[in-house]
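Enquirer: only geometry, no sequence info:
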């Protein structure tokens, strides 16, 4: 969807792919052309390299953009695409390999002179060595799968005696989920901030950063609200972290769009966490503050173009503030996923309000995919007005039929911590969702809806448009 | 009619432009477009409204918030706890069966791994015993509260 819009603007004909059961799905409906991947589960369709390559051949495609889910971080897929004679709109497979293996990524970062979160190395495999290292790091520690990333499959270990069991379970889970049982330990930083830098490289060896995104608003170790610029960085720290991000990327010969993630501790020390070798879900806030199209740049770079001179000479400066809020189909208090049918979907609009949606009225929300329904991206000249705009847009957003985390998003941007700008990754779980009083109008609307016969008998008493009626103030 | 939303319950009676909310009289006007409820005015306050109904549930967007209403007392059949067994804590996909039916397990052993979105959950034996039955195959989708296994 996102990619197709840019392609159309560049005069490129986009062709989408879809699984047989998905013919009514939103992304197919908006695509100029779409090729079937045949029937089956996501594993047999969107995650099947041969089926996708067959579809590309059928469509006589020149290039393939992997989006930002499914196979976008799969180096074997990138290699297969290149072998099939197509242009891969993404980083070189070798860079994906190095960054996809989190242990190798930590090694690359350290070799590039960038600080990494203290933890264990590849060579630490026997139980005694790991236990010793854990004691040196100090509990609590995190056990992370090397093939994971993005918080997937990680376990918190509070006490030395739970370490052996946790390692055992983590290895078992890692084997089941990724077919790779290697795990490593990382020291748990107290109240860190999670800050990432957008990176861009071309095929001529240029690598630049396009500033940061503050990603500390998380639940279940996944981001739900991102903003740029970050309140935690001053010019000096921004320069240092940006340079480190570029060094890490250069070290693996990075090309295209990527993201280097850092943790920032309370004393403003930063540590390399991992690199995502694709466009991030939250890339639009960078686009809004820099006034550019990252997908367009991806396609141009894949086609062999050099980064624009302004980027290479550091003449790109962010303007104003942008916030992204992710609307998930989930319980706002327990964060457990929800499914159902979208009965009404009216996204907010107005200046500085952008909605990238994956659903529309009538869409069904299943359990097969990530429960991200849509992203709201707001931008404004300064942070205060950006927050006010986000609040207004959230209130205007009508999504009926599936429970969403909208109330949680509102609670985040209304919280003292978020407004102050000084928040850390442990902030969302501490929020309490105070149930607000149900307005009389909502009870009446519900009752009217339940008793259709009553509704039909009700006369339309108000003239339209309502603006013409004097002396009313808008109710809240 | 008696309505509930979350923890709250109210008796709502409507007679033309009068509503009785738990005995309290509220005068209102309703505005419709193509038969669809668009707004409710109470006194000088105007509330933009969107409603959608699906069987026993009505969803209302009002004053910037979405709420779900049900007819109280007509509650949908409650999910039964799987007696002596293991129930799925959330909807998801059964990723792997670790302890096959017939095998003996100690308390805390992993029986199966459930994946919901980006989380993997180890479902463990609540006590020592024999895995009598696994109700699903690897790859099956399960609903929250659905029985996964039985420990004898």
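Expert: Ah, there it is. It should be emphasised that the depicted structure is a prediction, and the values quoted were computed from it without experimental measurement.
Enquirer: quick one: the strands in the stretch 301-450 of chain A?
Expert: Applying DSSP state E, counting those that start in this stretch to the stretch 301-450 of chain A gives strands spanning A:321-328, A:340-341, A:344-346, A:353-357, A:364-365, A:372-380, A:398-400.
Enquirer: For those, which has the smallest mean pLDDT value?
Expert: Among the strands of the stretch 301-450 of chain A, strand A:364-365 carries the lowest mean pLDDT, at a mean of 86.
Enquirer: Check the offset of that one from the chain's centre.
Expert: Relative to its chain's centre, strand A:364-365 lies at 20 Å (C-alpha atoms, centre = their mean, to the nearest Å).
Enquirer: Does chain B have contacts with it?
Expert: No - using C-beta under 8 Å from any C-beta of the partner chain, we find that strand A:364-365 stays clear of chain B, coming within 11.3 Å at best. C-beta coordinates here come from the backbone N, C-alpha and C atoms, glycine included.
Enquirer: Return the list of helices and strands in contact with that strand.
Expert: strand A:340-341 (3 or more C-beta pairs under 8 Å, 6 or more residues apart in numbering or on different chains; DSSP states H and E).
Enquirer: Now do the same for residue 96: helix, strand or coil?
Expert: Defaulting to chain A. Recorded secondary structure, residue A:96: helix (DSSP: H, G, I helix; E, B strand; the rest coil).
Enquirer: And the closest residue to it other than its chain neighbours, how far from residue A:216?
Expert: Among residues not flanking residue A:96 along the chain, residue A:75 sits closest, at 3.9 Å (C-beta to C-beta, 6 or more residues apart in numbering or on different chains). For residue A:75, the distance to residue A:216 equals 29 Å [C-beta to C-beta, to the nearest Å].
Enquirer: Report the contact partners of the spatially closest residue to residue A:335 that is not a sequence neighbour.
Expert: In space, and not counting its chain neighbours, residue A:335 is closest to residue A:219: 5.1 Å by C-beta to C-beta, 6+ apart. Residue A:219 sits next to A:335, A:408, A:428-429 when contact means C-beta atoms under 8 Å, 6 or more residues apart in numbering or on different chains.
Enquirer: do the same with residue B:13
Expert: Here residue B:13 is in contact with A:447, B:1, B:19-20 (C-beta under 8 Å, 6+ apart).
Enquirer: ok, of those residues, which one's closest to residue B:126?
Expert: Distances from residue B:126 to those, taken as C-beta to C-beta, are shortest for residue B:1 (41.8 Å).
Enquirer: Tabulate the contacts of residue B:13 (CSV), appending secondary structure, neighbour count and pLDDT.
Expert: Shown next, in CSV, are the contacts of residue B:13 (DSSP: H, G, I helix; E, B strand; the rest coil; neighbours: other C-beta atoms under 10 Å in any protein chain shown; pLDDT from 0 to 100):
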residue, secondary structure, neighbour count, pLDDT
A:447, helix, 24, 94
B:1, coil, 16, 89
B:19, strand, 22, 93
B:20, strand, 15, 93
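Enquirer: Which strand residues bridge residue A:195?
Expert: residue A:214, residue A:262 (DSSP bridges).
Enquirer: who touches the residue lying closest to residue A:283 once chain neighbours are set aside in this structure?
Expert: Closest residue to residue A:283 in three dimensions, ignoring its sequence neighbours and counting by C-beta to C-beta, 6+ apart: residue A:294, at 5.2 Å. Contact analysis of residue A:294 by C-beta under 8 Å, 6+ apart lists A:198, A:200, A:210, A:257, A:279, A:283, A:286-287.
Enquirer: mind listing the helices for the stretch 301-450 of chain A?
Expert: Assigned by DSSP state H, counting those that start in this stretch, the stretch 301-450 of chain A shows helices spanning A:309-312, A:383-396, A:406-414, A:416-420, A:427-430, A:440-450.
Enquirer: Need those in a markdown table (columns: distance to residue A:154).
Expert: Formatted as a markdown table, those follow (distance: least, C-beta to C-beta, whole Å):
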| stretch | distance to residue A:154 |
| --- | --- |
| helix A:309-312 | 34 |
| helix A:383-396 | 30 |
| helix A:406-414 | 22 |
| helix A:416-420 | 24 |
| helix A:427-430 | 16 |
| helix A:440-450 | 41 |
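Enquirer: closest to residue A:35 out of those?
Expert: Nearest of those (C-beta to C-beta): helix A:309-312, 34.2 Å.
Enquirer: Tell me which residues of the closest one come out buried.
Expert: Using 16 or more other C-beta atoms under 10 Å in any protein chain shown as the test for burial, helix A:309-312 gives A:311-312.
Enquirer: Give me the distance between that helix and the centre of its chain.
Expert: The answer for helix A:309-312 is 26 Å, by C-alpha atoms, centre = their mean.
Enquirer: helices and strands around it, which ones?
Expert: strand A:207-219.
Enquirer: Report the angle between the strand it packs on and helix A:406-414.
Expert: 110 degrees (axes from the mean of the first three to the mean of the last three C-alpha atoms, to 10 degrees).
Enquirer: What segments of chain B are helices?
Expert: Using DSSP state H, chain B contains no helices.
Enquirer: Ranking helices and strands of chain B by mean pLDDT, which lands last?
Expert: Every helix and strand in chain B was compared by mean pLDDT, DSSP states H and E; the lowest is strand B:85-87, with a mean of 73.
Enquirer: Residue 113: what's it in contact with?
Expert: As the question left the chain open, I've gone with chain A. residue A:247 are the contacts of residue A:113 under C-beta under 8 Å, 6+ apart.
Enquirer: That was the other one, I meant chain B.
Expert: When contacts are counted by C-beta under 8 Å, 6+ apart, residue B:113 touches A:172-173, A:176, B:94-96, B:98, B:120-123.
Enquirer: got the contact list for the residue positioned nearest the centre of chain A?
Expert: Geometric centre of chain A, nearest residue: residue A:281, 3.3 Å, by C-alpha atoms, centre = their mean. For residue A:281, the contact set (C-beta under 8 Å, 6+ apart) comprises A:68, A:223, A:326, A:372, A:375.
Enquirer: quick one: pLDDT of it?
Expert: pLDDT at residue A:281 comes out at 92.
Enquirer: picking that back up, out of residue A:75 and residue A:216, name the residue with the larger neighbour count.
Expert: More crowded of residue A:75 and residue A:216, by other C-beta atoms under 10 Å in any protein chain shown: residue A:216, with 27 against 21.
Enquirer: Verify the contact between that one and residue A:421 for me.
Expert: No - Residue A:216 lies out of contact with residue A:421 (C-beta atoms under 8 Å); the separation is 10.4 Å.
Enquirer: Could you pull out the buried residues of stretch A:164-180?
Expert: Neighbour-count burial for stretch A:164-180 [16+ other C-beta under 10 Å]: A:166-167, A:169-178.
Enquirer: filter those residues by proximity to chain B?
Expert: Counting by C-beta under 8 Å from any C-beta, A:169, A:172-173, A:176-177 from those sit close to chain B.
Enquirer: Now secondary structure too, for those, in TSV please.
Expert: Below are these laid out as TSV (three-state DSSP):
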residue	secondary structure
A:169	helix
A:172	helix
A:173	helix
A:176	helix
A:177	helix
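Enquirer: could you say what helices and strands the lengthiest strand in chain B packs with?
Expert: Longest strand of chain B, by residue count under DSSP state E: strand B:45-54. When contacts are defined as 3+ C-beta pairs under 8 Å, 6+ apart, strand B:45-54 packs onto strand A:344-346, strand A:398-400, helix A:440-450, strand A:473-474, strand B:36-42, strand B:57-62.
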